[in-house]
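Chemist: coordinates only, sequence not included:
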C-alpha cells in the first residue's frame, strides 16, 4: 500500500511541473465572427421535435423567405359523410396527413397546427391571426350559403423545438378555456399563436389539441384520418337549413411582425 501511494504522489508532482513549464508566455489574439439575418426558406417540422422535417401531400415546398416565416397553416377538413341533423350539430375536424422528409413514402397523421420559424437574429414580436373570408357556400350548381355556421377552436398546446421548458413564458395561444370562434373578415381576427420575445433561432407551433405528445404520432401509429379530433369543431345551428351538398369557405392566416 505504501508503494502505491508514493507512486501516485510522484506522478502528480511531475504532471504539475510539466504543465507549468509550458506556459512561458501568453498572448491574446482577437477572434471575430459576424452573423446576418437569414434570407432562405425554412421547412416545417413535426411539432414537439427538434428538427424532424415533414412534408404535406399535394403541397409545394415553402417558398416564403425572410427572417420570420409562417411555415404551416392548416387546411381544416370536416369530412364528406356528415349526416344532416334537425338540431344543433357539431362536426369534428380531421387529422392532417404528413410524411417525413427523410422517409417520404410513409405517411402518418397529425393534429392540425400552425407553425412559425424565427430567424430574425433578435428579440422580435410576432403573431398569427386567422379569419374566415366568407360564409360557407355550396360548391354545386345552385348557390346556397350557411351564414350562421362557424368554426370553433376548443383545444390547444404550444411547442418550441429548442425552448420547450420556457414555452409557457415565450409563447401565447388563443386561450381555449372557452371555445374561440374564427370570425368572419368583417369582425376581429383571432390570434392563435404569438410571441413577445425569446423565439429567435427556434420554431414554434400551436397544435389544436390538448396535451399534445409527438410520440403518439408517426409511421405505424394507430391514429388515422378518421380518428376523432375534438380540438377544432364545425358548429351548425338547427335553423341553418343545410342542404345535401358540398360547402366550402376559405380561412386567411396572417403572420404579423412587429409591435
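Modeler: Sure, I can see it. Being a predicted model, the structure only gives us computed values, none of them experimental.
Chemist: my read: residue 111 touches residue 227, true?
Modeler: No: in terms of CB atoms under 8 Å, residue 111 does not count as a neighbour of residue 227; the distance is 9.7 Å. Just so you know, the C-beta spots here come from the backbone N, C-alpha and C atoms, and that holds for glycine as well.
Chemist: Next one: residue 189, what pLDDT does it get?
Modeler: Note on residue 189: pLDDT of 93.
Chemist: Now it. Nearest residue, chain neighbours left out?
Modeler: residue 129 (3.8 Å; CB to CB, 6 or more residues apart in numbering).
Chemist: Can you pull the residues that touch both of residue 111 and residue 227?
Modeler: Common neighbours of residue 111 and residue 227, counting by CB atoms under 8 Å, 6 or more residues apart in numbering, are residue 95.
Chemist: between those two, who's got more neighbours?
Modeler: residue 111 (26 against 13; other CB atoms under 10 Å).
Chemist: Show me where this protein dips below the pLDDT cut-off.
Modeler: 1-24, 34-39, 59-66, 186-187 (pLDDT under 70).
Chemist: Now the element after whichever strand or helix holds the residue nearest to residue 189, going C-ward?
Modeler: Element membership of residue 129, judged by DSSP states H and E, is strand 126-132. Counting by DSSP H and E, the next helix or strand C-terminal to strand 126-132 is strand 136-138.
Chemist: Show me which positions of that following strand end up buried.
Modeler: The neighbour-count check on strand 136-138 (16 or more other CB atoms under 10 Å) flags 136, 138 as buried.
Chemist: Beyond that strand, next helix or strand please.
Modeler: With DSSP H and E, the next secondary element past strand 136-138 is strand 145-146.
Chemist: ok, that next one: who's next to it in the sheet?
Modeler: Paired neighbours of strand 145-146 in the sheet (DSSP bridges): strand 136-138 (antiparallel).
Chemist: right, and residue 101 touches residue 44 too?
Modeler: No: using CB under 8 Å, residue 101 is not in contact with residue 44; the gap is 9.4 Å.
Chemist: anything in contact with each of these two?
Modeler: Counting by CB under 8 Å, 6+ apart, the residues touching both residue 101 and residue 44 are 53-54.
Chemist: For the two, indicate the residue with more neighbours.
Modeler: Between residue 101 and residue 44, counted using other CB under 10 Å, residue 44 has the larger neighbour count: 24 against 14.
Chemist: isn't that one right next to residue 115, touching?
Modeler: Yes: with contact defined as CB under 8 Å, residue 44 reaches residue 115; the gap is 5.5 Å.
Chemist: Now do the shared contacts for the two.
Modeler: 71-72.
Chemist: Which element, helix or strand, includes the spatially most central residue of the chain?
Modeler: By CA atoms, centre = their mean, the chain has its centre lying nearest to residue 205, at 2.4 Å. Element membership of residue 205, judged by DSSP H and E, is strand 202-207.
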